[in-house]
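**Student:** next one to model:
(one chain, ligands or ions: 1)
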Amino acid sequence: MIAVAIDGPAGAGKSTIARQAAKTVGFLYVDTGALYRTVGLHMLRSGISPDDRQAVPAELDSGRVKIGMQFQDGEQYVLLNGENVTELIRTPEVSKASSQVSAIPQVRDFLFSLQQDLAREHNVIMDGRDIGTVVLPDAKVKIFLTASVQERAKRRCQQLREKGIFADLGEVSREIEERDYQDSHRAVAPLKAAADAIWMDTSDMTLQEAIEAVTRIVKQASGAE
Ligand code: DC
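**Tutor:** Residues are numbered from 1 along each chain as shown. Next comes the predicted model:
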């Protein structure tokens, strides 16, 4: 099996780029952030503070949290105790909660084997924060995808505008900076590039250019080119 790890900060375009590249090369696209989001959603629903380092692991130990993933036509669906929560995990509240639960080591352990099993069974392009460093350290290709805070905020505002939501650029920039800080300063598996990762800054690239660049790298590595 061939594994491609794509890591990078929130809003760098990882999911769009990875999804398209995976479609072209016929690999399974796995968005690991969705798993942390699902844990975050469960804690919010259960009235447990997502940064409670006692209650969150206790809830996971209780057996009350069963997370599953399904794939259909290249789309990933996440199940929380059998319920499809794929859409529900995309709110700003869940974004914040996911970042908080992801700093708790037991949460990372809880999700670890699910991610590794997928890579054992399929050719994958997996995106996240610690895929090249922790989850799949032997991945054939590792890409660290980034873009400036300003550019990521601009893209995020545009996405929201397309959904009819007006967002203040300054506020979105601050949220992105806050999440970057949290994700890269936590004690366990912080966001950082693997030593052998290919760095790609997409600030001055169009989406299409970034997709093509990643697809080319994956094809070369998998021997398709
Ligand atoms: O990629 P995303 O924005 O959906 O991720 C949500 C949160 O989950 C993010 O703030 C950090 C965390 N995360 C992580 O710690 N490790 C991963 N492999 C993926 C996401």
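
**Student:** so where is the chain shaky, pLDDT-wise?
**Tutor:** The chain contains residues with pLDDT under 70 at 224-225.

**Student:** up against the ligand, what does it have?
**Tutor:** 10, 32-33, 36-37, 98-99, 102, 128-131, 179, 183 (C-beta under 6 Å from any ligand atom). C-beta coordinates here come from the backbone N, C-alpha and C atoms, glycine included.

**Student:** in a markdown table: these, plus secondary structure, distance to residue 43 and neighbour count.
**Tutor:** As requested, these are arranged in a markdown table below (DSSP: H, G, I helix; E, B strand; the rest coil; distance: C-beta to C-beta, whole Å; neighbours: other C-beta atoms under 10 Å):
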| residue | secondary structure | distance to residue 43 | neighbour count |
| --- | --- | --- | --- |
| 10 | coil | 19 | 20 |
| 32 | coil | 18 | 24 |
| 33 | helix | 16 | 18 |
| 36 | helix | 11 | 25 |
| 37 | helix | 11 | 26 |
| 98 | helix | 10 | 26 |
| 99 | helix | 12 | 24 |
| 102 | coil | 12 | 27 |
| 128 | strand | 19 | 28 |
| 129 | coil | 19 | 25 |
| 130 | coil | 20 | 23 |
| 131 | helix | 23 | 28 |
| 179 | helix | 17 | 18 |
| 183 | helix | 18 | 20 |
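
**Student:** mind listing the helices for this structure?
**Tutor:** 14-25, 33-45, 55-61, 92-101, 105-121, 149-162, 169-185, 207-221 (DSSP state H).

**Student:** just the residues of the chain next to the ligand now: which is nearest residue 57?
**Tutor:** Distance to residue 57 across the residues of the chain next to the ligand (C-beta to C-beta) is lowest for residue 102, with 13.1 Å.

**Student:** need the contact list for that closest one.
**Tutor:** 36, 108, 129, 183, 186 (C-beta atoms under 8 Å, 6 or more residues apart in numbering).

**Student:** switch to 10 Å and redo it
**Tutor:** 32-33, 35-37, 39-40, 50, 108, 111, 128-130, 182-183, 186, 188-189, 191 (C-beta atoms under 10 Å, 6 or more residues apart in numbering).

**Student:** now swap in residue 68 and tell me
**Tutor:** 38, 77-82, 84, 114.

**Student:** widest-spaced pair of these?
**Tutor:** Every pair of the contacts of residue 68 checked by C-beta to C-beta; the farthest is 84 and 114, at 16.6 Å.

**Student:** looking at the two, which one has more neighbours?
**Tutor:** The residue with more neighbours, out of residue 84 and residue 114, is residue 114; 15 against 12, by other C-beta atoms under 10 Å.

**Student:** distance of that one relative to the ligand?
**Tutor:** 11 Å (C-beta to the nearest ligand atom, to the nearest Å).

**Student:** residue 162 too?
**Tutor:** Taken as C-beta to the nearest ligand atom, the span from residue 162 to the ligand is 18 Å.

**Student:** now do residue 86
**Tutor:** Distance from residue 86 to the ligand, by C-beta to the nearest ligand atom: 12 Å.

**Student:** and for residue 199?
**Tutor:** 18 Å.

**Student:** that residue and residue 143 touch, don't they?
**Tutor:** Yes - contact criterion C-beta atoms under 10 Å: residue 199 and residue 143 qualify, at 8.1 Å.

**Student:** overlap of the contact sets of the two?
**Tutor:** With C-beta under 10 Å, 6+ apart as the test, residue 199 and residue 143 both reach 8, 193.

**Student:** who has more neighbours, the two?
**Tutor:** residue 143 (28 against 10).
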